[in-house]
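Visitor: sequence-free structure coming up:
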Ligand SMILES: CC(C)(COP(=O)(O)OP(=O)(O)OC[C@H]1O[C@@H](n2cnc3c(N)ncnc32)[C@H](O)[C@@H]1OP(=O)(O)O)[C@@H](O)C(=O)NCCC(=O)NCCS
């Protein structure tokens, strides 16, 4: 019975890796990956809020351990595609894969499934910010159809510029 119950949360298998909804018990491992991988960190409350309020878009990849995660928040804001229109948007706040498991299709699967979750929540667009030096992430987002919409000077604490990239979920290419 326990296996059936846990299978319910699996959204996709990528080879031996389960892509599934994130749970409270995953938060310490997710924080550990975030701390080792990215300079942008979040409070425990933030992660708990994601499990409670954004379960469709807080996903983890797991074999025996958690090897990657994606966290997205549902927000409202100006459209990147329709002038002066306020729309519901899915914001990819953080995505990371442990170094030894990169380039296995896990990042792509996490983003694709989180975008599906945003569509379930009736989001019109997905968006994210990315460092202009992060060529591998920018390439991945472009493969998934995201477009660079603006450039934000000194966006990061260390002064680096960000691109804002968006994906239209109402009129997919
Ligand atoms: C960016 C990141 C999440 C990608 O995850 P991943 O699981 O390695 O990505 P995937 O294997 O799904 O790659 C899918 C596609 O993205 C592109 N891509 C991914 N890594 C790349 C790299 N190092 N160089 C060039 N293109 C790359 C390729 O087009 C790739 O397809 P391919 O392998 O068939 O050529 C991962 O590299 C990571 O955790 N980086 C550190 C954290 C980070 O920068 N997060 C993003 C912050 S905005």
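Guide: Done, it's in. It should be emphasised that the depicted structure is a prediction, and the values quoted were computed from it without experimental measurement.
Visitor: what pLDDT does residue 173 get?
Guide: Per-residue pLDDT puts residue 173 at 61.
Visitor: what about the longest helix in the protein?
Guide: Longest helix of the chain, by residue count under DSSP state H: helix 106-120.
Visitor: after that one, next one along is what?
Guide: strand 125-131 (DSSP states H and E).
Visitor: in its sheet, what does that next one sit against?
Guide: Applying DSSP bridges, strand 125-131 is found paired with strand 86-97 (parallel), strand 162-168 (antiparallel).
Visitor: contacts for the longest one?
Guide: The one in question is strand 86-97. Under the contact criterion CB atoms under 8 Å, 6 or more residues apart in numbering, strand 86-97 has outside partners 33-34, 37-38, 40, 42, 57, 61, 67-79, 106-107, 110-111, 114-115, 117-118, 121-128, 137, 169. C-beta: built from backbone N, CA, C; applies to glycine.
Visitor: tell me which parts of the chain are close to the ligand?
Guide: 37-38, 95-97, 102-108, 130, 134, 136-137, 139-140, 143 (CB under 6 Å from any ligand atom).
Visitor: Pull out the buried residues from those.
Guide: 37, 95-97, 104, 106-107, 130, 137, 140 (16 or more other CB atoms under 10 Å).
Visitor: Which single one of these is nearest to the ligand?
Guide: residue 107 (2.3 Å; CB to the nearest ligand atom).
Visitor: Surely that closest one and residue 140 touch.
Guide: Yes - the pair residue 107 / residue 140 is scored as a contact, 5.8 Å apart, by CB atoms under 8 Å.
Visitor: picking up where we left off before, could I get the buried residue list for the longest helix of the chain?
Guide: 106-107, 109-115, 117-119.
Visitor: would you turn these into a markdown table with pLDDT?
Guide: Listed next are these as a markdown table, based on pLDDT from 0 to 100:
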| residue | pLDDT |
| --- | --- |
| 106 | 98 |
| 107 | 97 |
| 109 | 98 |
| 110 | 98 |
| 111 | 98 |
| 112 | 97 |
| 113 | 97 |
| 114 | 97 |
| 115 | 97 |
| 117 | 96 |
| 118 | 97 |
| 119 | 96 |
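Visitor: Rebuild these as a markdown table, extending it with distance to residue 86.
Guide: Converted to a markdown table, those look like this (distance: CB to CB, whole Å):
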| residue | distance to residue 86 |
| --- | --- |
| 106 | 34 |
| 107 | 30 |
| 109 | 31 |
| 110 | 28 |
| 111 | 24 |
| 112 | 26 |
| 113 | 26 |
| 114 | 22 |
| 115 | 20 |
| 117 | 21 |
| 118 | 16 |
| 119 | 18 |
